[in-house]
Structure formats: structure tokens, C-alpha cells
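Peer 1: I'd like to go over a predicted model; first the sequence, then the structure.
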Amino acid sequence: KRISAPPSNPVDANLISGSIDQIEILNWLRNNTETDDVIATNRFCIPGPQSCISKWQLVSALSHRRMLFEGGYFTIPNIPDQELKSRFRLSSEFGLNPSPLGLIRLCEYGVKWYFFDHSVADPLKTWEPYSSVQIQNDGVSLLKLRCPTN
């Protein structure tokens, strides 16, 4: 006997397979960026009734790019490793409060892109002069960092 699951809402930001908006931006990243590019994000948690478990790995899974901070079986903000905690703090703070120091630190880690998930927080009106919106839809803003040149 075949069992059918109820259809999922394709715009739900908590879908394990990603919402339509997330998939659109992540496909763009995979097709239009260098394979060694690094991405930061403001989204870390998988959905669920428990506290934030940092296993949300959709960005790297679909974009095929490295992340500044991603995935683990620890709860946020109880990250056991100081380097990982620093990366988490840097990544989570830049999206809502970009600063010259935040930009420099992200660039030192090789970050070129920032995946800002609107389901975590409302997007800023602008991230200028630290980054520009490369592509945006209702659910995600993809920012290109303006790293200083050497």
C-alpha cells in the first residue's frame, strides 16, 4: 500500500529542501561564483521545538560553496570552540549591523558573499557601503561584500 505525504508549502523557509526563494538564490550562487568562494549567513538553526541546533546546512548543500560557520550538533549560542564562536558571532552580527571592522574581519576569512535569510530577520534598507545586494527575492538577500583591495 502506498502512503502519500501531504504537500509541503514551497515558500516555507523551514523546508528541509529549502523554499523556492532560498533555492533560487543558492542556484544562482552555484552557477555564478567561484568554487573557492566563501559565504557567511545569518541562518544557522534547523526548525523544531527544541532550542537552536546548528545543523542548518542548506547553503553549502545547494551552492556547493564553503561557509564561514556552519553546522554542528551543539546549541547556539553554546558553541564549545572559541574560534567557531567567533565566526558565528561575526557572521550573525554583520547582517543586522554591518561595520568597517566586521567587513574587514569577514574579508580576512575570505568571505565574498552573505546569504541573508529574511525568515531570521527583516532585511536592512541598505548594507552600503560594506556590501551591495547582488540578487534578492521575497525570502533572501544575497550580498556581495566590498572587501578592500590590497
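Peer 2: In hand now; what should we look at? Residues are numbered from 1 along each chain as shown.

Peer 1: drop to CA atoms for contacts and neighbour counts, all remaining ones
Peer 2: Noted.

Peer 1: which stretches of the protein form strands?
Peer 2: All strands of the chain, identified by DSSP state E, fall at 38-41, 66-67, 111-117, 131-136, 140-145.

Peer 1: tell me what the third one is packed against?
Peer 2: In terms of contacts (3 or more CA pairs under 8 Å, 6 or more residues apart in numbering; DSSP states H and E), strand 111-117 is packed against strand 38-41, strand 140-145.

Peer 1: can you put the ones you listed in JSON lines and add mean pLDDT, distance to Leu84 and mean neighbour count?
Peer 2: Shown next, in JSON lines, are the helices and strands packed on strand 111-117 (pLDDT from 0 to 100; distance: least, CA to CA, whole Å; neighbours: other CA atoms under 10 Å):
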{"stretch": "strand 38-41", "mean pLDDT": "96", "distance to Leu84": "13", "mean neighbour count": "25"}
{"stretch": "strand 140-145", "mean pLDDT": "98", "distance to Leu84": "21", "mean neighbour count": "23"}
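
Peer 1: re the thing from before, could you dump the strands of the chain to TSV with distance to Leu15?
Peer 2: Output for the strands of the chain, formatted as TSV (distance: least, CA to CA, whole Å):
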stretch	distance to Leu15
strand 38-41	17
strand 66-67	20
strand 111-117	13
strand 131-136	19
strand 140-145	14
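
Peer 1: list the contacts for the residue positioned nearest the centre of the chain?
Peer 2: Nearest residue to the geometric centre of the chain (CA atoms, centre = their mean): Thr41, 2.6 Å. Shown in contact with Thr41 (CA atoms under 8 Å, 6 or more residues apart in numbering): Ser91, Ser92, Gly95, Tyr114, Phe115, Phe116, Asp117.

Peer 1: just the CA trace of the longest helix seen in the chain, in PDB.
Peer 2: Ranked by residue count and defined by DSSP state H, the top helix of the chain is helix 82-96. The C-alpha trace of helix 82-96 is given here as PDB (Å, rounded to 0.1, in the frame of the first residue of the first chain):
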ATOM      1  CA  GLN A  82      36.200  29.800  20.700                       C
ATOM      2  CA  GLU A  83      37.200  30.100  17.000                       C
ATOM      3  CA  LEU A  84      33.800  28.700  15.900                       C
ATOM      4  CA  LYS A  85      32.100  31.000  18.400                       C
ATOM      5  CA  SER A  86      34.000  34.000  17.000                       C
ATOM      6  CA  ARG A  87      33.000  33.000  13.400                       C
ATOM      7  CA  PHE A  88      29.300  32.600  14.500                       C
ATOM      8  CA  ARG A  89      29.300  36.000  16.200                       C
ATOM      9  CA  LEU A  90      30.900  37.700  13.200                       C
ATOM     10  CA  SER A  91      28.500  36.100  10.700                       C
ATOM     11  CA  SER A  92      25.400  36.700  12.700                       C
ATOM     12  CA  GLU A  93      26.200  40.300  13.600                       C
ATOM     13  CA  PHE A  94      27.200  41.600  10.100                       C
ATOM     14  CA  GLY A  95      23.800  41.000   8.500                       C
ATOM     15  CA  LEU A  96      22.000  43.300  11.000                       C
END
